[in-house]
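Chemist: quick one: sequence plus predicted model below, questions after.
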Amino acid sequence: MRPLRRKLVLVGDEAVGKTAILSIHTRGEFPDNHVPTVFENYMQELWVSGAPFRLSLVDTAGHPQMSTVRSLSYADTHVVILCFAVDQPKSLMHAVERWPRELAAFCPGVALILLATKCDLREDPMVEQRLAQQGEHPVTFEEGLEAAARIGAHRYLECSAMHDIGIGELFEHAARIALDEKPRGARTTQLRRRRTHRLSVKSWFSAPELVF
Ligand SMILES: Nc1nc2c(ncn2[C@@H]2O[C@H](COP(=O)(O)OP(=O)(O)OP(=O)(O)O)[C@@H](O)[C@H]2O)c(=O)[nH]1
């Protein structure tokens, strides 16, 4: 039986924690260091109602100068997880203004989850102090929820990869949404497909039956 295939792409500003989320989800490891991503692709094999289901999880580079490489990640995407960090209010501003423009250009109509990351830092006194000096504060739940409504996200979720909070719930919601969605994003040419394939680092891991 050919497995159902679905693709999830994580985007968001540099260092908001996209790689940490995938690392915790796929390997159970939290990376302490920030190593800027170029492109990573993980495959997760699940079973849904006795049928095989293959979920491709794509990690992208947050840096604005990486937009050309990133644009290759959007082909045939079912769900985009747009991340911002609660200790970086600017990353939420970009999630409302800059990222929807890129998604409209490369992946129009794609289903979106807006994800607040690093929620463990929301009440961190050092973070509060640093942001207060700039006339800012950690992003609140209400501000995140309001932003999700503004950009038409299917869901607003929060997580902390460091404490492994909200990660399982994130991928369960994303897989459910992906099952109902058509793929979006321009199909790549054969040449680009081969290049993307060579770029990708594929690691397989399996998970128990996903019960819907
Ligand atoms: N406190 C805290 N730190 C986190 C969390 N998630 C990630 N970090 C830290 O944030 C930094 C950046 O995390 P990455 O996962 O590399 O960020 P990224 O979004 O993949 O970055 P790019 O690949 O440059 O786009 C690292 O030093 C992580 O340890 C979290 O939940 N809480």
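Modeler: Right, received. Where do you want to start? Numbers count the residues shown, from 1 in each chain.
Chemist: any buried residues in stretch 3-22, and which?
Modeler: When burial is assessed from 16 or more other C-beta atoms under 10 Å, stretch 3-22 yields the following buried residues: 6-22. In short, each C-beta sits where N, CA and C put it, glycine included.
Chemist: got the phi and psi for Gly12?
Modeler: phi 140, psi 170 (degrees, to the nearest 10).
Chemist: no wait, Glu181
Modeler: Note on Glu181: its backbone torsions stand at phi -100, psi 150 [degrees, to the nearest 10].
Chemist: cool, Val58 as well?
Modeler: Taking degrees, to the nearest 10 as the convention, Val58 sits at phi -110, psi 120.
Chemist: how about the helices in this structure?
Modeler: For the chain, the helices defined by DSSP state H cover 18-27, 67-71, 89-106, 125-133, 141-150, 167-180, 190-199.
Chemist: and those, which is most packed in?
Modeler: For these, average neighbour numbers computed from mean count of other C-beta atoms under 10 Å are highest in helix 18-27, which has a mean of 21.
Chemist: elements contacting that one?
Modeler: For helix 18-27, the helices and strands in contact under the criterion 3 or more C-beta pairs under 8 Å, 6 or more residues apart in numbering; DSSP states H and E are strand 4-12, strand 39-48, strand 51-60, strand 111-117, helix 167-180, strand 202-206.
Chemist: and the fourth one, how far out from the chain's middle?
Modeler: What it means is strand 111-117. On the basis of C-alpha atoms, centre = their mean, to the nearest Å, strand 111-117 is displaced by 7 Å from the centre of the chain it belongs to.
Chemist: that one pairs with which strands?
Modeler: Applying DSSP bridges to the sheet, strand 111-117 is found paired with strand 79-85 (parallel), strand 155-158 (parallel).
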